[in-house]
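*Asks:* pasting the sequence and the predicted model now:
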Amino acid sequence: MKKKCKDLSIIVVNWNTRDMTCDCLRSVFDSLLNSGFTTIEAEVILIDNGSEDGSSDAISGDFPDVILIKNQENRGFAAANNQGFKIAQGRHILLLNSDTLIHGDALSESIVYLDNHPQVGALGIKALNADGTTQMTCQQFPSLTNMFLMASGLWKLKWPKFLGRYHMTDWQRNTEREVEVISGCYLMVRREVLEQVGPFDEVFFFFGEETDWCDRMRRAGWTLMFSPLGTFTHYGSVSAKTSKS
């Protein structure tokens, strides 16, 4: 087993989102190199799920420091991240969607937060839409009540607040709080969590894997937190849209 000596392993899964993935990687390296908060020793692991848009060539050419794993087919989000887990050397591991842009010191702030809160197993931070508005990431576990509210459309009503409980629509993501499910677009976990609860369940191909993973973390006694300590832009569901085209 390789010695775990880095502060952070960043795992990005790509499938036919070449240009967005390259923009994402630029923002990651800008954040790592220009952080005024703390020095980070990090690695970036990119798993390409059989893209047909030249992603692998573009990434290997423009980002030689990225650890690139090339799959011959689309193995799905869970299986691809599990490939990254197997080689990650960081004390903390960040799952980062390919359609995101990191802003400022979000990476270093997240590391320091986890280092200062040993009971917190996983962390999510504030996501922004492309227009700069707040994206309502993080949610409650999909219980029967929450699924009924979603299926019935009642969650869209602004009153009573109970109806919006699944997506916590009455919370503007400007305050720190414990959550049940952290969105996989930016999900930072400490290595101890991965070693205790294991990797993603590969039964999940695309969607649902982080919900199951977060539930296993909570059952193992870890606290999951959201903190608006930093921001990133998440364009949202780009690979999903590509799969339907």
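*Replies:* Structure received.
*Asks:* burial count for residue 18?
*Replies:* One way to gauge burial is a neighbour count; for residue 18, by other CB atoms under 10 Å, it gives 20. Every C-beta, even on glycine, is put in place using the N, C-alpha and C of the backbone.
*Asks:* what does the host helix or strand of residue 113 rub up against?
*Replies:* Applying DSSP states H and E as the criterion places residue 113 in helix 106-116. By CB atoms under 8 Å, 6 or more residues apart in numbering, the residues outside helix 106-116 that reach it are 7-8, 10, 28, 31-32, 35, 37-38, 40, 42, 92, 94, 120, 123, 125, 188, 190, 225, 227, 229-232.
*Asks:* mind doing that once more with 6 Å?
*Replies:* For helix 106-116, the surrounding residues in contact (CB atoms under 6 Å, 6 or more residues apart in numbering) are 7-8, 31, 35, 37-38, 40, 92, 123, 125, 188, 190, 229-230, 232.
*Asks:* closest to residue 179 out of those residues?
*Replies:* residue 123 (9.9 Å; CB to CB).
*Asks:* thinking again about what came up before, may I see the PyMOL selection of the buried members of the contacts of helix 106-116?
*Replies:* Under the burial definition 16 or more other CB atoms under 10 Å, those of the contacts of helix 106-116 that qualify are selected in PyMOL by:
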select buried, resi 7+8+31+35+40+92+123+125+188+190+229+230+232
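*Asks:* flag the least confident of the contacts of helix 106-116.
*Replies:* Within these, residue 37 has the lowest pLDDT, namely 59.
*Asks:* put the alpha carbons of the helix holding residue 113 into PDB.
*Replies:* Once non-C-alpha atoms are left out, helix 106-116 reads as follows in PDB (Å, rounded to 0.1, in the frame of the first residue of the first chain):
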ATOM      1  CA  ALA A 106     -12.500  26.900  -1.000                       C
ATOM      2  CA  LEU A 107     -10.200  23.900  -1.100                       C
ATOM      3  CA  SER A 108      -7.800  25.000   1.700                       C
ATOM      4  CA  GLU A 109     -10.700  26.300   3.800                       C
ATOM      5  CA  SER A 110     -12.400  22.900   3.500                       C
ATOM      6  CA  ILE A 111      -9.200  21.100   4.600                       C
ATOM      7  CA  VAL A 112      -8.700  23.300   7.600                       C
ATOM      8  CA  TYR A 113     -12.400  22.900   8.600                       C
ATOM      9  CA  LEU A 114     -12.100  19.100   8.700                       C
ATOM     10  CA  ASP A 115      -8.800  19.300  10.500                       C
ATOM     11  CA  ASN A 116     -10.400  21.400  13.200                       C
END
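*Asks:* report the buried residues of that helix.
*Replies:* The neighbour-count criterion (16+ other CB under 10 Å) identifies 106, 107, 108, 109, 110, 111, 112, 113, 114 as the buried residues of helix 106-116.
*Asks:* any chance of the residues you listed in TSV, with distance to residue 100 and pLDDT too?
*Replies:* Conversion of these to TSV gives the following (distance: CB to CB, whole Å; pLDDT from 0 to 100):
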residue	distance to residue 100	pLDDT
106	10	96
107	12	96
108	17	95
109	16	95
110	13	96
111	17	96
112	20	95
113	18	97
114	19	97
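*Asks:* could you list everything the most centrally placed residue in the chain pairs with in the sheet?
*Replies:* Averaging the C-alpha coordinates of the chain gives a centre point, and the residue nearest to it by CA atoms, centre = their mean is residue 186 (2.6 Å). The bridge-partner assignment for residue 186, based on DSSP bridges, gives residue 96.
*Asks:* before we move on, the earlier item: the helix holding residue 113: how far from the chain's middle?
*Replies:* Here the centre of helix 106-116 is set off from its chain's centre by 15 Å, with CA atoms, centre = their mean, to the nearest Å.
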